[in-house]
Structure formats: C-alpha cells, structure tokens
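Visitor: structure of the sequence below:
(one chain, ligands or ions: 3)
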Amino acid sequence: MDRQKKIEQVVVSAQQMRDIEGRIFAAGMPVAALMEKVGRLIAHRIVETLHATSLRGCAGILVGPGHNGGDALVVARELHFQGYQVAICAPFSKFKELTTSHLQYAESIGIRRYDSVEELLAHCDILIDGLFGLGLERHLTGSVATAIDQINQSSLPIISIDLPSGLHTDTGEALGTAIRANYTWCLGLWKLGLLQDRALEYIGNAELIDFDIPLADIQAVLGDAPSIGRVTKELAIATLPLRRPPVTHKYKQGHLLLICGSFRYAGGAILTGLGARASGVGMLSIAVPESLKPLLVAQLPDALIVGCPETAAGAISSLQLPENTDLNDFDAIAVGPGLTIEATPTVEQVLKCDRTLILDADGLNILAKLGTIPTLTQRSAKTILTPHAGEFKRLFPDAGDPVGDRIGAVKAAASISNAVVLLKGARTAIAHPTGMVWINPESTPALARGGSGDVLTGLMGGLIAQAQAAENIAIDSTFEIFKQSDRQITIDAIASVAAWWHSQAGIKAESDRSVMGVDAFTLTHYLLPVVSELRLVGSN
Ligand SMILES: NC(=O)C1=CN([C@@H]2O[C@H](COP(=O)(O)OP(=O)(O)OC[C@H]3O[C@@H](n4cnc5c(N)ncnc54)[C@H](O)[C@@H]3O)[C@@H](O)[C@H]2O)[C@@H](O)CC1
Ligand SMILES: Nc1ncnc2c1ncn2[C@@H]1O[C@H](COP(=O)(O)OP(=O)(O)O)[C@@H](O)[C@H]1O
Ligand SMILES: [K+]
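Guide: Ligands and ions are numbered 1, 2, ... in the order given. Reported below is the predicted structural model:
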C-alpha cells in the first residue's frame, strides 16, 4: 500500500498530533518552515478549488491567535502574490510570535486588514477560517463567539483550515459555537473529532491535505497497531471479493443461520436474507415463524427456510432446526431483525451456543431485557452486537453517550461486553474488545430508513460465516495498518468492511436515484455492483 493510502487510514487525537509534530520539530524541521509548507499547500488547493467551482471574488481570511492563524496568513500572502483579491480580519489582541510576524508582513505588503468581522463580511465573497485549529482549549464566549455566529449567518462559502473553528479536536463537540464550513481541509492526519456524528453539520466536504509527515513518526507515536482507523477502500479491496478456491463446495463456503422475522415484521426477514445472499455465502438457512415460510421461499428460493413453532401473535416461540442439525453446524448465526420481544427463549438458547453470533435489533432488545451483557464475557465464541444509538443506550447505560463522544462510548461498550460492538450512525464506529476502533468515514443519510440495518446484518453475517469457514479470521489481534497482512483478517475488520460496503451501496443508489430513492429493498440490488467496481480498481 502506498503512503497516501496508509495515512488515509490513520486517525489521531490532538495530543497524538502534537506528539507527532513534536518529533518532526525535534528532528530539525523548523516550525516556521512547516507552517510555510502547509500554508502553501492550502493556498494551492484554494486556487484549484476556485478554478473548479464558481467561487470567485475577494477571499476574506479569518486569523486566530495561534498557528492556525499563522497558516491562514501564509495563505493570504500567497493568494495576494498570485493576484487574488484578499483581505484579513484578526480580531484578537495577542498572537503567537510566528503569527505576529506573518500578520505584520501581510499588512506591510498592502493586504487590507479589517478591524471587525462585520466589515470583512461586507467586503468578501468567500471566507478562509484560520481562527482555531487543534489548540482550542476552552469554550468560546464573548466577542469571538459573536463573530462566529455572524459568520455563520452570512451566506458566504467557508473553507476551514484543519478543523472548523470551535470544534473540539477529539470529541467533535462545538465548544460554545463553531464555524459551519462548506469545506474542511484537515492537515496532515485525520483528527478524531471530524469522524464524530455531531461534528458533521459543521464540516461540509472534508479532505486531507498531506504534508509529508514521515510514517516513522506516526508509527513511533501510535505504535504498530493504531487504536483508531478509518475504513477506507483499501481495507475493502484487501477483503472483497472474498477469495474462493477452485475446488470447494457449498458447506466450505460458510453456512449462515439467520433467525429473524415475525408476523408483525415479515419484511425484516426478507431484507436480512437478501443482504446475506449478496455476501456470496455458501449456504443460507433462515429460521422464521412457520406461517412466514411460503413468503420467504418465494423471495429467497436459494435459501433453506426453516419454519419454527410460533406464538399466538406470530413470533418464533422455539427454534426447531431440521432433523440431524444443531446450532454447532453453522459457521455463524445472526439473530434479531423483526423477531419481537416474544422470541426471548430462542435468543436465550442461541446465546448459550458456542458459535460466532451476531445480535441485532430485537436480539439486542432481548439482551437488554435479560440483563445478560455480563454473560457475554463468558462466551468462548465471538459475539458481534450491532446497535443504533437507542439500542446502545438500553444495552450499555454506563458506557457513555452514543450521540456524544461515540468513539469513546463504543470502545467502552466493547470492553464491557467482550464483544465487537458496531454502533450504527452517520459515521458507524466498530470497536474490538482489545481497544481498536474503526470508523466508516463515508455514508449517506439516504440510508436512514426502516430496514436498511436488516440488510447490514445479513450482509455481515454472510461475510463472517465465509471467513469463519475458511479459517481466515485472525485470533483476536488488532488489524495492523503498518504491517498489513492480507491472508488473515480480524472479525472487527470484517464487520467494518460490511459497514463500508453497505454505505457504498447507499451512496451508489443515491447517485442513481436521489436521496429519496434508497429504500432497503432497492439497497440490496446495489450491493454487488459495489464489489464489481472494486474488482476493476483492484486489477488496475
Ligand atoms: N506548528 C506548525 O507549524 C504547524 C501548525 N499547524 C497549524 O497549527 C494549528 C495549531 O496551532 P496552535 O497550537 O497555535 O493552536 P490554534 O491556532 O488552534 O489556537 C491556539 C491559540 O488560541 C488560543 N485559544 C485557545 N482557546 C481559546 C479560546 N476559547 N478563546 C480564545 N483564544 C483561545 C490559545 O491561547 C492559543 O494562542 C493547527 O490546527 C494547524 O492549523 C499545522 O499546520 C501543522 C504544522
Ligand atoms: N444519517 C445517516 N447517514 C448515514 N447512514 C445512516 C444514517 N442514519 C442511519 N444510517 C445507517 O442506516 C442503517 C440503519 O439501521 P437501523 O437503525 O438498524 O435501522 P432498521 O432497524 O430500520 O434496519 C445503519 O447502517 C446506519 O448506520
Ligand atoms: K480553523
């Protein structure tokens, strides 16, 4: 994997970024030279963006007291010398030394400086936000907070340098208030806060500006196995399509059991089945209430549909597998979509078995009701839990806020349960009990529709069953970015690839059919085209 692809997988906290920069400075790179380099790269990207878009006119540069402001002043100077109209506003009384020098020089070459943000807004057409980056330490109040609110009320396009000013670098929280950017150009390495759901409304289009941080410095600070990774296309290409030997048979290609559906939620069983089918799994068995069997057979003629005894309301009352079959015959079992809480005895039974288990939807609600999270830690087989924020709160009331610092919360949940926990959302986060967290960095709100989670459960179940059958799952070590082995993959990485694939199918469906056109059934038809395109990329 080349350098650019590697660094796109890395995610850092503010402290880790400072430590990495500290090593670069200690090795001899002057701080001023790095600021110059970074500022020039940003200026170059601005010029490209101006050419590629209809953004025109005077660039208003917002200058803060620290080095984020220094970067912005290098940008102002470069744009000025390239003939662009530029003005600055630096509404602070004290600046760091380098920033002070750049400010002086900018004024000396005749760049117009406005005292107030109102004046800047009145004279400019596009804004470059260099108020604060990763050095923001406390809540914004007073005149700075008022200025940011005024900026947000203007309809001018905004490019934020490193982070939208006001966002906490790690938690993505707006500290009092924050710039709502159209573009955020993150410097050097992805900052954790930009991958938190609550930051998304501030970020706009995010991209990374690489400034040649040596991989050795990243590795020295993060260690061989970084604890947070972005799920990029490269991880998907290393995994998909799953390899299949020329001589094989269906049971060698994974046998997945889905336990899902009820009279009330029949569609959930179909969607889970269609998700699993797209995974290419060798054998698919689907246990549903007896009365749903004809419906499932009609929709999934390739699957083995197991009709189970049902309650008066049409939920599975007990699991009745075909003769000579028991739960140990399956490589993986996914349980939950559409079951209703009446299927509690079945979930209890499955929890006791020694197979890789994926619990979703009512599987999770039943788990929460039973209070059995502590017993999960005693399972010898792997467990994967796939809650959305509501299910997460019920399951893990003490793990932290799944709509606040989601990364912290999902990490705590994985540690409490000894399970891989996949916290769904705009930026789905997947944590392994050993502490590794993966974040799916690209998705679409078009997926926020009933049933799309069911598709994910089936898809993931099918991938895991295949990897399990091929004995291709690494034993509980974390996936290493710097020493990537493509022979074995960890269970959390497979879950991450499933989340990535699901989102990419959503993005593809949205681009063909608009944000309104991505119902869960349609989504299932977009899954395989994503892999076909990967194959083409992979063979280039
Ligand atoms: N050192 C370098 O050469 C590099 C600097 N970089 C840039 O430098 C930034 C980090 O620079 P800094 O560490 O100077 O931090 P910032 O520029 O983010 O801001 C820190 C300054 O703001 C003040 N401040 C913090 N919270 C405040 C508040 N609530 N109200 C008012 N003032 C507040 C601090 O006292 C400090 O002076 C990065 O985000 C990035 O833009 C990067 O480009 C990488 C290289
Ligand atoms: N705003 C969003 N942006 C991107 N993806 C989203 C968004 N909201 C939900 N999703 C995705 O849609 C799916 C919804 O799953 P879930 O909440 O279980 O719904 P259901 O139970 O109806 O299937 C998850 O994969 C989730 O990550
Ligand atoms: K900024």
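Visitor: what stretches of this structure score poorly on pLDDT?
Guide: The chain contains residues with pLDDT under 70 at 225-226, 474-488, 537-540.
Visitor: interface residues of it facing ligand 3?
Guide: 68, 129, 160-161, 165 (CB under 5 Å from the ion). The way it works is simple: take the backbone N, C-alpha and C, and place the C-beta from them, glycine included.
Visitor: nearest to ligand 2, of these?
Guide: Lowest distance from ligand 2 to the residues of the chain next to ligand 3 (CB to the nearest ligand atom) belongs to residue 160, with 21.1 Å.
Visitor: ok, that closest one - contacts?
Guide: 129, 179, 181, 183-185, 203-204 (CB atoms under 8 Å, 6 or more residues apart in numbering).
Visitor: try 6 Å
Guide: Neighbour list for residue 160: 129, 179, 181, 184 [criterion: CB atoms under 6 Å, 6 or more residues apart in numbering].
Visitor: helix or strand: which one has the nearest residue to residue 19 once chain neighbours are set aside?
Guide: Leaving aside its chain neighbours, residue 19 sits nearest to residue 221 (4.6 Å; criterion: CB to CB, 6 or more residues apart in numbering). Assigned by DSSP states H and E, residue 221 belongs to helix 215-222.
Visitor: just the closest residue of the stretch 201-350 of the chain to ligand 3, please.
Guide: Closest residue of the stretch 201-350 of the chain to ligand 3, CB to the ion: residue 202 (10.6 Å).
Visitor: so that residue sits in a helix?
Guide: Yes - secondary structure of residue 202 (DSSP: H, G, I helix; E, B strand; the rest coil): part of a helix.
Visitor: the closest residue to it other than its chain neighbours: how many residues sit nearby?
Guide: Leaving aside its chain neighbours, residue 202 sits nearest to residue 164 (4.4 Å; criterion: CB to CB, 6+ apart). Burial of residue 164 is recorded as 32 neighbouring residues (other CB atoms under 10 Å).
Visitor: show me the contacts for residue 164.
Guide: 178-179, 181, 184, 202.
Visitor: in helices only, show me these.
Guide: residue 202 (DSSP state H).
Visitor: what is the most widely separated pair among the contacts of residue 164?
Guide: Farthest-apart pair in the contacts of residue 164 is 178 and 184; separation 11.0 Å (CB to CB).
Visitor: contacts only, for the residue of the stretch 351-500 of the chain found nearest ligand 3.
Guide: Ligand 3 sits closest to residue 441 of the stretch 351-500 of the chain, with a gap of 19.7 Å, by CB to the ion. Neighbour list for residue 441: residue 230 [criterion: CB under 6 Å, 6+ apart].
Visitor: quick revisit: just among the contacts of residue 160, which is most surrounded?
Guide: Of the contacts of residue 160, with other CB under 10 Å as the count, residue 129 tops at 30 neighbours.
Visitor: so residue 157 touches residue 126, yeah?
Guide: Yes - counting by CB atoms under 6 Å, residue 157 does reach residue 126; the two are 5.1 Å apart.
Visitor: of these two, who's got more company?
Guide: A count of neighbours by other CB under 10 Å puts residue 126 above the other of residue 157 and residue 126, at 21 against 16.
Visitor: where's that one relative to ligand 2, distance?
Guide: As judged by CB to the nearest ligand atom, to the nearest Å, residue 126 and ligand 2 stand 28 Å apart.
Visitor: how does this structure divide into domains?
Guide: The record's domain parsing of the chain by automatic domain parsing lists 3-223, 234-539.
Visitor: next secondary structure element downstream of the strand ranked longest in the chain?
Guide: Scanning the chain for the strand with the most residues, using DSSP state E, yields strand 283-289. Moving toward the C-terminus from strand 283-289, the next helix or strand (DSSP H and E) is helix 293-299.
Visitor: could you pull up the residues touching the nearest residue to residue 469 once chain neighbours are set aside?
Guide: Leaving out its chain neighbours, the residue that sits closest to residue 469 by CB to CB, 6+ apart is residue 254, at 4.2 Å. By CB under 6 Å, 6+ apart, the residues touching residue 254 are 281-282, 331, 465-466, 469.
Visitor: let's see it at 8 Å
Guide: Neighbour list for residue 254: 281-283, 331-332, 462, 464-470 [criterion: CB under 8 Å, 6+ apart].
Visitor: of those residues, which belong to helices?
Guide: Those of the contacts of residue 254 lying in helices (DSSP H): 462, 464-469.
Visitor: so can I have JSON lines of the residues you listed showing distance to ligand 2 and neighbour count?
Guide: Below are the ones in helices among the contacts of residue 254 laid out as JSON lines (distance: CB to the nearest ligand atom, whole Å; neighbours: other CB atoms under 10 Å):
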{"residue": "462", "distance to ligand 2": "16", "neighbour count": "30"}
{"residue": "464", "distance to ligand 2": "16", "neighbour count": "29"}
{"residue": "465", "distance to ligand 2": "19", "neighbour count": "29"}
{"residue": "466", "distance to ligand 2": "20", "neighbour count": "25"}
{"residue": "467", "distance to ligand 2": "20", "neighbour count": "25"}
{"residue": "468", "distance to ligand 2": "22", "neighbour count": "22"}
{"residue": "469", "distance to ligand 2": "25", "neighbour count": "22"}
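Visitor: write out the residues of this structure neighbouring ligand 2.
Guide: Within the chain, the positions near ligand 2 by CB under 6 Å from any ligand atom are 361, 388, 424-426, 428, 443-445, 447-448, 450-454, 456, 502.
Visitor: if you set the cut-off to 5 Å instead, what comes out?
Guide: 388, 424, 426, 428, 443, 445, 447-448, 450-454, 456 (CB under 5 Å from any ligand atom).
Visitor: format the domains of the chain as TSV; extra columns: distance to ligand 1.
Guide: Formatted as TSV, the domains of the chain follow (distance: least, CB to the nearest ligand atom, whole Å):
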stretch	distance to ligand 1
domain 3-223	2
domain 234-539	19
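Visitor: who are the neighbours in contact with residue 113?
Guide: Applying CB under 8 Å, 6+ apart, the residues near residue 113 are 87-90, 106-107.
Visitor: next step: these restricted to helices.
Guide: 106-107.
Visitor: which of the contacts of residue 113 are buried? Put it as a PyMOL command.
Guide: A single PyMOL command is used to select the members of the contacts of residue 113 judged buried by 16 or more other CB atoms under 10 Å:
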select buried, resi 87+88+89+90+106
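Visitor: would you map the strands across the stretch 151-300 of the chain?
Guide: Listed in chain order, the strands of the stretch 151-300 of the chain (DSSP state E, counting those that start in this stretch) span 158-161, 183-187, 190-191, 205-209, 228-230, 255-259, 283-289.
Visitor: what residue is smack in the middle of this structure?
Guide: The centre of the chain sits closest to residue 440, judged by CA atoms, centre = their mean, with a distance of 2.3 Å.
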